[in-house]
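Based on what follows, work out the 3D shape:
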Amino acid sequence: MQEPRRKLQPYRQSLAGTLLAAREAVMAPLRPMLRDAGVTEQQWRVLRVIRDSQPIDATALADAALLFGPSVTRILKELLDRRLIVRETDPRDRRRSIVTLTPAGRALIEHTASQTVQVLDRYAERFGPERLETLKNELRALIDAIGPLGED
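The predicted structure follows:
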């Protein structure tokens, strides 16, 4: 006997729809702060990854920030023009460039991060700090479990 075919759930109830709705709920209160800081969400992500990993090359940066290489190239140019980052040639591999924050870049991150932490504290307050940590751990486990499927 053949199993009945599963039907596709309505998008808002699907895994992708639920994750996207959660991302939007997380980002909505942060967007005004980013706008006030004069950065886009993608620029903020890039700045955060540079802060966490500096110095870092563009390929590793794109991977860590979950952005496509051409987007990172454009974002880096914008951040360079604003003097928020410095790009230098990697002394070990002259074909690669290494990116670090400038003092202005660090200051922008620190100012905006203090506001962001307040919002994140409110998320933990409303959802529960343990539940929030469990959710993040479960999402990382989901990524680890299904990430290799994209490589098939």
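
Once you drop chain neighbours, what's closest to Ala37?
Closest residue in space to Ala37, ignoring its immediate chain neighbours: Thr112 at 4.6 Å, by Cβ to Cβ, 6 or more residues apart in numbering. For every residue, glycine as well, the C-beta is placed using N, CA and C.

who touches the host helix or strand of the one you found?
For Thr112, the enclosing helix or strand under DSSP states H and E is helix 103-127. Helix 103-127 is contacted from outside by 26, 29-30, 33-34, 37, 39, 44, 47-48, 50-51, 79, 82-85, 101, 132, 135, using Cβ atoms under 8 Å, 6 or more residues apart in numbering.

Show me how far it is from its chain's centre.
Taking Cα atoms, centre = their mean, to the nearest Å, one finds helix 103-127 lying 14 Å from the centre of the chain it belongs to.

Going by neighbour count, list what's buried in it.
105-106, 108-109, 112-113, 115-116 (16 or more other Cβ atoms under 10 Å).

where along this structure do the strands fall?
56-57, 85-89, 97-101 (DSSP state E).

which stretch among these comes nearest Asp144?
Nearest to Asp144, of all those, is strand 56-57, at 22.6 Å by Cβ to Cβ.

What strands line up against that closest one, and which way round?
Applying DSSP bridges, strand 56-57 is found paired with strand 97-101 (antiparallel).

what distance separates the partner strand from the middle of the whole chain?
18 Å.

any idea of the mean pLDDT in it?
Here strand 97-101 scores 93 as its mean pLDDT.

Buried members of the contacts of helix 103-127 into PyMOL, please.
Command for PyMOL that selects the buried part of those, burial taken from 16+ other Cβ under 10 Å:
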select buried, resi 30+33+34+37+39+44+47+48+50+51+79+84+85+101
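
Next step: the contacts of helix 103-127 restricted to helices.
26, 33-34, 37, 44, 47-48, 50-51, 79, 132, 135 (DSSP state H).
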